[in-house]
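Participant: One predicted model, sequence on top.
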Amino acid sequence: MQEAFLSMSFLAAALDRIKPSATIAVTQQARQLKAAGRDVIGLGAGEPDFDTPNNIKAAAKAAIDRGDTKYTDVDGTPALKAAIVAKFKRENGLDYRPEQISVGAGGKQVIYNALVATLNPGDEVVIPTPYWVSYPEMVLLAGGKPVFVEGAAADGFRVKAAALDQAITPRTKWIILNSPSNPTGAAYNAEELKRLTDVLRAHPHVWVLTDDMYEHLTYGNFVFATVAQVEPALRPRTLTMNGVSKTYCMTGWRIGYGGGPAELIRAMAKVQSQCTSNPCSISQAAAVEALNGPQDFIARNNAVFRERRDLVVSMLNQAKGLHCPMPEGAFYVYPSCAGAIGKTGKAGKRIASDLDFVAALLEEEGVAVVHGEAFGLSPHFRISYAAATESLREACKRIQRFCAGLR
Ligand SMILES: Cc1ncc(COP(=O)(O)O)c(C=O)c1O
């Protein structure tokens with residue numbers, strides 16, 4: 001069948017404003033190359049390589065057998081909301097009531113709901129760079145305007161309080177804070193967060209969306225903190241977002257959640273009620289078990305991630321022209337490739353940007369990573385170390401060889 005040509009007037013103008021996800025694109029490219037027989041190590045995807053724990057799988061199977069296969073309340077079952085209320089209390093010292101909780105199909109939907117439910121054309125959202133690829137695109141889709149504030153490498157990829165203050169205007173509706181961060185792994189401790197919340201206290205029209213997706217993935221002595229806990233005065237205008245994807249190795253199950261003022265939560269449910277309705281009933285039952293069940297595997301997984309982080313940071317710092325800071329959390333590193341810019345690869349291609357760097361690395365050595373430009377801070381690239389340790393060792397060897405071969 002001949003496909004109709006989609007004219008520009010058929011597609012929504014909003015689509016011109018946004019880019020497809022660069023991280024998903026890299027992951028797909030690596031998959032395609034592998035399927036075509038190339039020896040490719042894909043370090044683009046941000047998901048744990050560990051399987052979902054068995055108790056969580058068993059809870060899902062039991063939910064199917066019990067007949068939990070029907071529509072549920074739009075923004076989460078009472079059982080899951082109760083488990084989330086208990087989680088916020090236990091782990092963050094935060095008191096939320098069930099009507100202050102929203103559950104969506106992944107953290108992604110929770111953020112998107114919040115933005116769609118609140119942004120009017122021209123409303124600004126302050127986004128620290130480097131950022132998770134989806135924030136600016138979601139803001140643009142929702143009709144808002146992303147305003148970037150740099151978290152420079154020299155400052156540990158953290159935003160300075162004065163820079164945040166300057167980025168805020170009367171049109172600012174939200175600031176999105178993500179700690180530990182995707183793509184850098186950098187995290188704000190309570191004291192560092194307080195410096196930012198002090199600024200935000202002085203701007204009562206600004207709401208805070210904290211993306212705490214990597215809360216449990218921190219290493220060494222780092223102690224996680226979140227805005228509503230560090231500065232209770234901001235609680236009436238904070239959405240504390242989290243989810244089970246990363247901590248519980250449940251990326252495919254699609255469950256994320258947020259805690260915030262009931263009025264915002266109701267508005268988010270209104271959005272969700274007209275697009276996806278409830279998140280998968282079976283995944284919700286699994287998430288109840290994830291939050292209420294044994295938590296000891298988290299420390300075991302973290303020990304593995306920490307070893308991998310140390311290995312990758314050490315090996316990358318031995319690669320010519322790279323500099324890799326040691327992150328506090330998540331499972332990403334964000335090395336600078338400034339020392340490779342201006343050089344030429346074996347195939348004769350000059351490396352003028354981090355995009356050229358990652359393209360040549362994939363071509364010459366079969367290692368798939370994501371260019372920093374996609375996260376708003378160049379010249380860097382992101383490696384996800386949520387991959388088998390041996391693959392990481394091999395990938396880093398290849399990166400070292402690639403860098404050594406640049407002239
Ligand atoms: C910082 C950050 N926030 C949110 C998400 C979304 O997670 P989910 O898979 O639950 O939608 C991700 C996933 O990559 C992430 O890295």
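Facilitator: Received the coordinates, thanks.
Participant: Residue 292 reaches residue 84, doesn't it?
Facilitator: No: if you go by CB atoms under 8 Å, residue 292 and residue 84 don't touch, sitting 10.1 Å apart. Where you see a C-beta, it was placed from the backbone N, CA and C, and this is true even at glycine.
Participant: Which of the three states applies to residue 138?
Facilitator: Under DSSP: H, G, I helix; E, B strand; the rest coil, residue 138 falls in the helix class.
Participant: Against the ligand, how distant is it?
Facilitator: Separation of residue 138 from the ligand (CB to the nearest ligand atom, to the nearest Å) stands at 10 Å.
Participant: Hmm, that residue is touching residue 114, no?
Facilitator: No: Residue 138 is beyond contact range of residue 114, at 9.3 Å (criterion: CB under 8 Å).
Participant: quick one, which of these two is more surrounded?
Facilitator: Neighbours were counted for residue 138 and for residue 114 using other CB atoms under 10 Å; residue 114 has more, 27 against 23.
Participant: On the three-state scheme, the more buried one is what?
Facilitator: Relying on three-state DSSP, one would call residue 114 helix.
Participant: ok now do it, which residues does it touch?
Facilitator: Applying CB atoms under 8 Å, 6 or more residues apart in numbering, one finds that residue 114 lies in contact with 174, 209, 239, 241, 258, 260, 264, 268.
Participant: picking that back up, who has more neighbours, residue 292 and residue 84?
Facilitator: residue 84 (26 against 16).
Participant: burial of residue 191, as a residue count?
Facilitator: Residue 191, neighbours per other CB under 10 Å, totals 9.
Participant: For it, pull up the helix or strand it's in.
Facilitator: helix 190-201 (DSSP states H and E).
Participant: Pull out the buried positions in that helix.
Facilitator: Neighbour counts over helix 190-201 (16 or more other CB atoms under 10 Å) mark 192, 193, 196, 197, 199, 200 as buried.
Participant: which other helices and strands contact the lowest-mean-pLDDT helix or strand in the chain?
Facilitator: Every helix and strand of the chain was ranked by mean pLDDT, DSSP states H and E. The lowest is helix 22-35, at a mean of 81. Applying 3 or more CB pairs under 8 Å, 6 or more residues apart in numbering; DSSP states H and E, one finds that helix 22-35 contacts strand 41-42, helix 354-365, strand 367-368, strand 370-371.
Participant: Surely residue 178 and residue 133 touch.
Facilitator: No: with contacts defined as CB under 8 Å, residue 178 does not count as touching residue 133, sitting 11.5 Å away.
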